[in-house]
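Chemist: structure for this input, please:
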Amino acid sequence: MDYLPCVEVESYSAENANAAVIWLHGLGASGHDFQPIVPELHLPDQLAVRFIFPHAPNIPVTINGGMVMPAWYDILALDIEREINEQQFQDSVDATIALIEREIERGTSSERIILAGFSQGGAIAYHAALTYGRKLAGLMTMSTYFGTHKNFKPHPANKNIPIHIFHGMHDPMVPETMGKQALAALEQLGYSPEYKAYPMAHEVCVEQINDISAWLQKRLC
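Modeler: Residues are numbered from 1 along each chain as shown. The predicted model follows:
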């Protein structure tokens with residue numbers, strides 16, 4: 001099977017990983033975008049986490065004048081609902097689930113796998129994690145939105161999945177209202193997400209990295 005190309009970073013010195021975090025980047029970025037964060041998390045060696053940072057395919061993006069760039073799907077209109085290419089969206093969801101399955105084949109239990117995503121990657125992470133048919137360790141979304149909450153079928157395997165939403169209070173790209181809308185939608189669907197916002201724009205800050213580290217350790221210890 002052809003998998004998405006990925007950057008892999010191991011946060012341990014053990015022979016084999018016992019947990020995995022699959023982390024999707026935002027529009028126009030790459031799998032290298034969050035690679036430098038791994039050492040800043042200061043995770044204990046015994047967690048033995050393998051971080052997988054996939055690269056999105058290069059496609060024309062309508063809202064950026066048709067410019068070809070790394071994107072999980074084309075965004076056709078930048079309104080509150082974010083009109084998108086639904087087939088490309090589903091293809092990226094399927095490719096992400098394939099990476100989860102690969103980690104399981106490599107010996108990591110699904111219950112030790114966390115799915116994470118920033119911005120456009122977070123929209124994929126929401127859909128992939130909540131429709132996946134095996135129990136996951138958690139879902140972490142950053143500066144993103146839950147664009148498919150009105151028309152997706154959640155899988156009962158992850159009805160109790162731990163979810164943490166992080167967002168910037170001054171985000172001009174994905175306004176915090178969209179993060180709060182995701183929070184409300186999840187709660188309405190019966191999930192119990194955590195939410196935290198920071199005085200930042202469309203980015204990641206030091207306080208957030210510390211909070212991510214604490215959350216990952218809570219989920220994987």
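Chemist: next, count neighbours for the residue lying closest to residue 24 once chain neighbours are set aside.
Modeler: Of all residues not flanking residue 24 in the chain, residue 121 sits nearest, at 2.9 Å (CB to CB, 6 or more residues apart in numbering). No exception for glycine: its C-beta is placed from N, CA and C like everyone else's. Counted with other CB atoms under 10 Å, residues neighbouring residue 121 total 32.
Chemist: could you do residue 88 as well?
Modeler: The burial count for residue 88: 17, using other CB under 10 Å.
Chemist: surely it meets residue 62?
Modeler: No. In this structure, residue 88 is not within contact of residue 62 by CB atoms under 8 Å, at 11.2 Å.
Chemist: circling back: now do the SS call for the residue nearest to residue 24.
Modeler: helix (DSSP: H, G, I helix; E, B strand; the rest coil).
Chemist: which ones are touching the nearest residue to residue 50 once chain neighbours are set aside?
Modeler: Among residues not flanking residue 50 along the chain, residue 17 sits closest, at 3.8 Å (CB to CB, 6+ apart). Going by CB atoms under 8 Å, 6 or more residues apart in numbering, residue 17 touches 10, 48-50, 106-108.
Chemist: give me the phi and psi for residue 17.
Modeler: Backbone torsions for residue 17, taken as degrees, to the nearest 10, come to phi -70, psi 150.
Chemist: which residues does residue 51 bridge with?
Modeler: Counting by DSSP bridges, residue 51 forms beta bridges with residue 9, residue 21.
Chemist: distance of it from residue 34?
Modeler: Between residue 51 and residue 34 the distance, using CB to CB, to the nearest Å, works out to 8 Å.
Chemist: repeat for residue 99
Modeler: The value you get for residue 99 to residue 34, if CB to CB is used, is 15 Å.
Chemist: between those two, which one's more packed in?
Modeler: A direct count of neighbours by other CB under 10 Å for residue 99 and residue 34 places residue 34 higher, at 23 against 20.
Chemist: now the more buried one, nearest residue through space, not along the chain?
Modeler: residue 23 (5.5 Å).
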